[in-house]
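In: how would this look folded up:
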Amino acid sequence: MIEINDVWKSFDDGKIAVLKGVSMQVAAGELLALCGTSGCGKSTLLSLIAGLEDCDRGIVKIDGREWKTEKEKVALLRKEIGFVFQLHHLMPDLTLAENCMVPVIAVGGSMAMAKQRMSELAEMTGVAHRLDRSVRELSGGERQRGALVRALMNDPRILLADEPTGALDEANREIVFNLLLDLVKKGGKTLVMATHDRAMADRCDRVLQMRDGRIVM
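Out: Below is the predicted model of the structure:
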């Protein structure tokens, strides 16, 4: 489903090399963990897969095709890929329900069907009773569980997770990670997760170790 071939990426006019010839493949339905310390290139690689960044050279394919134009990349992110960030990225002045509906509004989806899906996902993640609350009123764990609901609203086939439990305390880390794995497996989705937590990584199907912009194992 995902094919990365000799991808290079740098910032600051080439002065900061972040990815240095990364190649990998991810099968449909596979749960893949990218491990490594901060700055090794994990987050940048996820951004390239999602179409949020362009590589300097190399090939990124989803479903056997490159998504090159801005229109194609927007469609990819809205319909095929869900993204869970370390810091939830919810809009603080909106309610949790309003945040969750944003992806559906972006694609012009059915509001009735979206509300039903939101209700089901919120029930599964334990935030159904908090949907009408402002994000400012939610705990860290509730915000991250809400971010998981939002990422799954358009039923994407691929879920990208960038240190999805990194900002949580130990108790909430376990709750959110268990929910993440459960929802991915039940939905038959493909997961690529960046993490520095090897214990969490080992619960995925496969682990790739990154170091200094390269995959080393």
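In: buried residues in the helix or strand of the chain with the lowest mean pLDDT?
Out: One helix or strand of the chain scores below all others by mean pLDDT, DSSP states H and E: helix 70-75, with a mean of 81. The neighbour-count check on helix 70-75 (16 or more other CB atoms under 10 Å) flags Lys73 as buried. C-beta here means a position set from N, CA and C on the backbone, and glycine is covered the same way.
In: quickly list what the residue nearest to Arg214 when sequence neighbours are not counted is bridged to.
Out: Spatial nearest neighbour of Arg214, chain neighbours left out: Lys20 (5.3 Å); criterion: CB to CB, 6 or more residues apart in numbering. When bridges are called by DSSP bridges, Lys20 pairs up with Trp8.
In: in the chain, where's the longest helix?
Out: helix 170-186 (DSSP state H).
In: packing partners for that helix?
Out: strand 31-35, helix 111-125, helix 140-152, strand 158-162, strand 190-195 (3 or more CB pairs under 8 Å, 6 or more residues apart in numbering; DSSP states H and E).
In: mean pLDDT for these - can I get that in JSON lines?
Out: Listed next are those as JSON lines, based on pLDDT from 0 to 100:
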{"stretch": "strand 31-35", "mean pLDDT": "96"}
{"stretch": "helix 111-125", "mean pLDDT": "92"}
{"stretch": "helix 140-152", "mean pLDDT": "90"}
{"stretch": "strand 158-162", "mean pLDDT": "93"}
{"stretch": "strand 190-195", "mean pLDDT": "95"}
